[in-house]
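please find the sequence and the predicted model below.
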Amino acid sequence: MVRILLAEDDEIMRISVSDRLKQFDWQVDEVENGLDGVKMLEKNDYHLVISDIRMPGMDGLKLLAKIKEHSSETAIIIMTAYGSVNDALDCLRKGASDYILKPFDMDDLIIRCNRLLDFQRVKDQVAILKENCRIGERTLIGNAPVMQQIYSIIDQAAPTNATILITGESGTGKELAARAIHKASLRSDKAFISINCAAIPDGLMESELFGHERGAFTGADKRRKGKFELADNGTLLLDELGDLPGPLQAKLLRVLQEGEFTRVGGSKTIRVDVRVLACTAKDLQKEVDEGRFRQDLLFRLKVIPITMPPLRDHKEDINDLCAHFLKEFRSPYDTPFSLSKEALTCLSSYSFPGNARELHNLMERASVLSSGPVIYPEDLPTELCALNCTADIGFNLAENMAVAEIACLKKALNYCSGNKTKTADLLGISRKNLWEKLKNYTVE
Ligand SMILES: Nc1ncnc2c1ncn2[C@@H]1O[C@H](COP(=O)(O)OP(=O)(O)OP(=O)(O)O)[C@@H](O)[C@H]1O
């Protein structure tokens, strides 16, 4: 609901403006002077402040400075008499959004209010769309049966408001799954906010989640909304939830059950409508057994549990994952990066303790180190290929020389993006000679 603070010392003017604003179902708080206005700002958040310039106690200019201290997002319309236009211009320079000359037509004021409120909505929407575009770019890849099962749970659970607990080893795509759930949910056009519970110092976590009032602690010079308020009507992802400090687990449980909380240093109960998703690589039941995690919170979180499979359980997806990751890296050659069959064989016999994230990093490394657009085993870490790819050909000189020649041909072809004339030049042999060697060795 739109919330407006109206500061005007002239009672008749105040009542008539307020009555008109209320016709639009906007919630209007009225004050007679700037000092009372500041008190209201300390208690509430406003989309818009409409203030007279000349008021007893504290005038509109000083009130404007206080509004800016409290919230940079609140729009401000200054009402001014013809004689104080210069003061109004001063207000515009100091951050007011608009001014209106008294006496004014009420329709004119409403048009200005709507314009500012629309602008705020568009700004919020742009932020959400920007985030959603980022979500769209990052999708889960993989068609293996274990991944199909994940997609089917996501499809079923996404349109509900159920809390979902996503577990799995590090790098298995838990965060991607959470984004996919938001994207497929009825809240997809609303905010997706995420917080990494392991990355924020314990002392700051409460304020990050629930926000704080001005003066709640040293350095809290402005009221600040927490992630729960920012995610209102949308989705909040609590990443690495297993690291949430004990005292906050109780507060989180209350929000999950009652949808309400108070900001740090505040007494007002704030209600939100937030869908909560949680990710963790920890075994939360073990954390409960060892007294580090609340059993009741775990029950509440895992209304729908999803376990992301490790990459070693869906190795058939490695090729698609590589193709997907390689698209991210700009090839300096004529053709985009691709994976050779030999490199795929190497990767397929590796166990990937770091899961898809490790594969992503291997592809990034290979894209930097490879001598051409095709990734070969030589472009992967030696320990990874040495283990899996080098067949033992003993000491036969001819066989060893053939292996070296094939490797050199491949490297040169790769460097020249497959162009045979350039490759022959690079190798210092004729095109015919190159063609014969490629035919003999059946190098592609
Ligand atoms: N199935 C997948 N499809 C595409 N990319 C994936 C997939 N799984 C993981 N990734 C990639 O691996 C990286 C890690 O993914 P993500 O952050 O979602 O994993 P996580 O399980 O949340 O990891 P952590 O527990 O360490 O936070 C990202 O670059 C992500 O794009």
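Okay, I see it.

for the one residue in the stretch 101-250 of the chain that gets nearest to the ligand, give me phi and psi.
Nearest to the ligand in the stretch 101-250 of the chain, going by Cβ to the nearest ligand atom, is residue 173, at a distance of 2.7 Å. From N, CA and C alone the C-beta is placed, and that goes for glycine too. Here is the backbone geometry of residue 173 (degrees, to the nearest 10): phi 100, psi 30.

domains of the chain?
3-124, 146-307, 314-381, 391-444 (automatic domain parsing).

roughly how far does the residue of the stretch 101-250 of the chain closest to the ligand sit from residue 149?
Separation of residue 173 from residue 149 (Cβ to Cβ, to the nearest Å): 14 Å.

okay, helices next: where are they in the stretch 1-150 of the chain?
Listed in chain order, the helices of the stretch 1-150 of the chain (DSSP state H, counting those that start in this stretch) span 11-22, 34-43, 60-70, 85-93, 106-137, 145-157.

nearest to residue 418, of those?
Nearest to residue 418, of all those, is helix 106-137, at 29.1 Å by Cβ to Cβ.

tell me the angle the closest one makes with helix 11-22.
Helix 106-137 and helix 11-22 are oriented at 40 degrees to each other (axes from the mean of the first three to the mean of the last three Cα atoms, to 10 degrees).

ok, back up a step: now render the domains of the chain as TSV, adding mean neighbour count and mean pLDDT.
Shown next, in TSV, are those (neighbours: other Cβ atoms under 10 Å; pLDDT from 0 to 100):
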stretch	mean neighbour count	mean pLDDT
domain 3-124	17	90
domain 146-307	18	92
domain 314-381	18	91
domain 391-444	14	79
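
now render those domains as CSV, adding distance to residue 132.
Below are the domains of the chain laid out as CSV (distance: least, Cβ to Cβ, whole Å):
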stretch, distance to residue 132
domain 3-124, 13
domain 146-307, 7
domain 314-381, 19
domain 391-444, 36
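
which residue does the stretch 201-350 of the chain have closest to the ligand?
Closest point on the stretch 201-350 of the chain to the ligand, by Cβ to the nearest ligand atom, is residue 281, at 4.3 Å.

now the helices for the stretch 151-300 of the chain?
174-183, 202-210, 227-230, 246-258, 284-289, 295-301.

contacts for the fifth one?
By Cβ atoms under 8 Å, 6 or more residues apart in numbering, the residues outside helix 284-289 that reach it are 165, 167, 241, 242, 293, 294, 295, 298, 301, 302.

quickly note the distance from the nearest residue to residue 187 once chain neighbours are set aside to residue 304.
In space, and not counting its chain neighbours, residue 187 is closest to residue 234: 5.2 Å by Cβ to Cβ, 6 or more residues apart in numbering. With distances taken as Cβ to Cβ, residue 234 is found 18 Å from residue 304.

do the same with residue 242
From residue 242 to residue 304 the distance is 18 Å (Cβ to Cβ).

same question, residue 19
Applying Cβ to Cβ, the value for residue 19 to residue 304 is 48 Å.

spell out which parts of the stretch 251-400 of the chain neighbour the ligand.
279, 281, 321, 324, 356, 357, 360 (Cβ under 6 Å from any ligand atom).

those residues in helices, which ones?
Among those, the members falling in helices (DSSP state H) are 321, 324, 356, 357, 360.

list the contacts of the first one.
Going back to what we said before, that points to residue 321. So residue 321 contacts 141, 142, 311, 356, 359, 360 (Cβ under 8 Å, 6+ apart).

where does the residue lying closest to it once chain neighbours are set aside land on pLDDT?
The spatially closest residue to residue 321, leaving aside those adjacent along the chain, is residue 141, at 5.3 Å (Cβ to Cβ, 6+ apart). Confidence at residue 141, expressed as pLDDT, is 95.

and residue 344, what does it touch?
318, 319, 322.

now it. Its backbone dihedrals?
Dihedral angles of residue 344 (phi, psi; degrees, to the nearest 10) stand at phi -60, psi -40.

what distance separates the start and the end of stretch 426-437?
In terms of Cα to Cα, to the nearest Å, the two terminal residues of stretch 426-437 are separated by 15 Å.

show me the contact partners of it.
405, 408, 409, 412, 415, 416, 420, 421, 423, 424, 443.

the ligand: which of those residues is nearest?
Proximity of the contacts of stretch 426-437 to the ligand (Cβ to the nearest ligand atom) peaks at residue 415, which lies at 28.5 Å.

quick one: that closest one and residue 372 touch, right?
Yes: Residue 415 sits in contact with residue 372 when judged by Cβ atoms under 8 Å, with a separation of 4.7 Å.

what helix or strand does the spatially closest residue to residue 384 that is not a sequence neighbour sit in?
Counting by Cβ to Cβ, 6+ apart, residue 350 is the residue found nearest to residue 384 once chain neighbours are left out, at 5.6 Å. Secondary structure assignment for residue 350, by DSSP states H and E: no helix or strand.

could you double-check that residue 350 lies in contact with residue 381?
No: if you go by Cβ under 8 Å, residue 350 and residue 381 don't touch, sitting 9.7 Å apart.

still on that earlier bit, between the contacts of helix 284-289, which is nearest residue 85?
Each of the contacts of helix 284-289 was checked against residue 85 using Cβ to Cβ; the closest is residue 241, at 55.4 Å.
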